[in-house]
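Undergrad: Structure for this input, please:
(one chain, ligands or ions: 3)
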Amino acid sequence: MTAPFVWQGRIDAEEVGDSRRWHQCVQPFTPQSRSGVALIGFAVDEGVRRNGGRPGAAQGPAAARKALANLPILGEPALWDAGDAVCEGGALDAAQTALAQRVAQALAQGCTPLVLGGGHEVAWGTFQGVARARSGARILIVNLDAHFDLRQAREGNSGTPFRQIQEHCAAQGLPFDYRVLGISRYANTQALFDRADALQVRYVLDDALQTEAGVHAALADLAPDLQACDAVYLTLDTDVLPAAVAPGVSAPAPLGVPLWCVEAVVDAVLASGKLVAADVAEFNPAFDRDGITAKVVARLAARIARVC
Ligand SMILES: N=CN[C@@H](CCC(=O)O)C(=O)O
Ligand SMILES: [Mn+2]
Ligand SMILES: [Mn+2]
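TA: Numbering: from 1, shown residues only. Ligands and ions are numbered 1, 2, ... in the order given. Below is the predicted model:
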């Protein structure tokens, strides 16, 4: 158990007009919470550790909430804090199950889960919660990531969540609709590209997402999938961004996808009106510089929250 996060920050007491910030509006999630955004922390980096990465993402949810606390209120719906799922004694499956339970509960109460990771093993937890609450729905997964995270491994880790989801979908007779934008040719082995091809995963390389024309083409390619699905699960791996704007990750990207481009993809997903849940993964405050990654994570989370 971790102590609940205390939302606090700057109060512009002498300001005229609406000067509210997130810390003045976020309320504890309760069984009575209806509609709005349910923030759920996944304070876990066991998957990163198992994957040979740089631990520290377990501190991501608290640092992300701290960065969100002082953001201005911009017409967001109700904002609820549903606390953190944690990993005790290295029991990652149990932590993912605990997250899935919170995600499913939020959805059952009419709230949109917005999960603050945690390593990208968060995705297996978020997805299980969505699948439970939206049984039988055709769920499109949109992942902004330098990596496929389709690894084969004896135990689940931060590099395996979408392979675990694929196996779940296959066992349930459900389609595996997985799109990845921002893949680095230099951060995935040929085996991973081959697995992605075998699973008919559609992906866009990071170097195709550096210009307006490239982003336009990627969004045109994504549009039919957004149209065809019942619901979209959006998962943002912070390491998709250039290391200069997201140094606080386990695996910083030398090229990365510019923030404006990431936001364009997020906006297209939100505009579909089909977002069922979102998470932001891999933020590791231990490697942040000047709090810039925290600000980027908060900006993206707030952008999503506003449209939920
Ligand atoms: N979630 C991260 N997954 C990446 C990590 C790569 C790295 O640590 O260099 C992966 O397994 O491919
Ligand atoms: Mn990832
Ligand atoms: Mn990644």
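Undergrad: Give the burial count for the residue of the chain found nearest ligand 1, as a bare number.
TA: Nearest residue of the chain to ligand 1: Gly159, at 2.5 Å (Cβ to the nearest ligand atom). For every residue, glycine as well, the C-beta is placed using N, CA and C. Look at Gly159: counted by other Cβ atoms under 10 Å, it has 26 neighbours.
Undergrad: Just say helix, strand or coil for it.
TA: Following DSSP: H, G, I helix; E, B strand; the rest coil, Gly159 is assigned to coil.
Undergrad: Am I right that it is in contact with Asn51?
TA: Yes. Counting by Cβ atoms under 8 Å, Asn51 is a contact partner of Gly159 at 4.6 Å.
Undergrad: Need the residues touching each of the two.
TA: Shared contacts of Gly159 and Asn51, defined by Cβ atoms under 8 Å, 6 or more residues apart in numbering, comprise 151, 153.
Undergrad: show me where the stretch 151-300 of the chain has helices.
TA: Secondary structure of the stretch 151-300 of the chain (DSSP state H, counting those that start in this stretch): helices at 161-172, 190-198, 212-228, 259-271, 292-307.
Undergrad: one step back: need the contact list for the closest residue to the residue of the chain closest to ligand 1 other than its chain neighbours.
TA: Of all residues not flanking Gly159 in the chain, Arg151 sits nearest, at 4.0 Å (Cβ to Cβ, 6 or more residues apart in numbering). Residues in contact with Arg151 (Cβ under 8 Å, 6+ apart) are 51, 157, 159-160, 163, 192.
Undergrad: so which of the residues you listed is the most crowded?
TA: The most crowded member of the contacts of Arg151, judged by other Cβ under 10 Å, is Gly159 (26 neighbours).
Undergrad: Could you report the distance from that residue to ligand 3?
TA: Using Cβ to the ion, to the nearest Å, Gly159 is found at 8 Å from ligand 3.
Undergrad: what's the answer for Ala137, then?
TA: If you measure Ala137 against ligand 3 using Cβ to the ion, the figure is 26 Å.
Undergrad: That residue belongs to a strand?
TA: No. Read with three-state DSSP, Ala137 is coil and lies in no strand.
Undergrad: and it, how many residues sit next to it?
TA: 15.
Undergrad: Retrieve the pLDDT associated with the residue nearest to it when sequence neighbours are not counted.
TA: In space, and not counting its chain neighbours, Ala137 is closest to Asp230: 4.2 Å by Cβ to Cβ, 6+ apart. pLDDT, Asp230: 98.
Undergrad: Tell me the residues of the stretch 201-308 of the chain that contact ligand 1?
TA: 250-251, 282 (Cβ under 6 Å from any ligand atom).
Undergrad: ok, now the stretch 51-200 of the chain?
TA: 51, 53, 120, 147, 149, 151, 158-159.
Undergrad: one step back: list the residues that contact the residue of the chain closest to ligand 1.
TA: Applying Cβ under 8 Å, 6+ apart to Gly159 gives the contacts 47, 51, 120, 147, 149, 151, 153.
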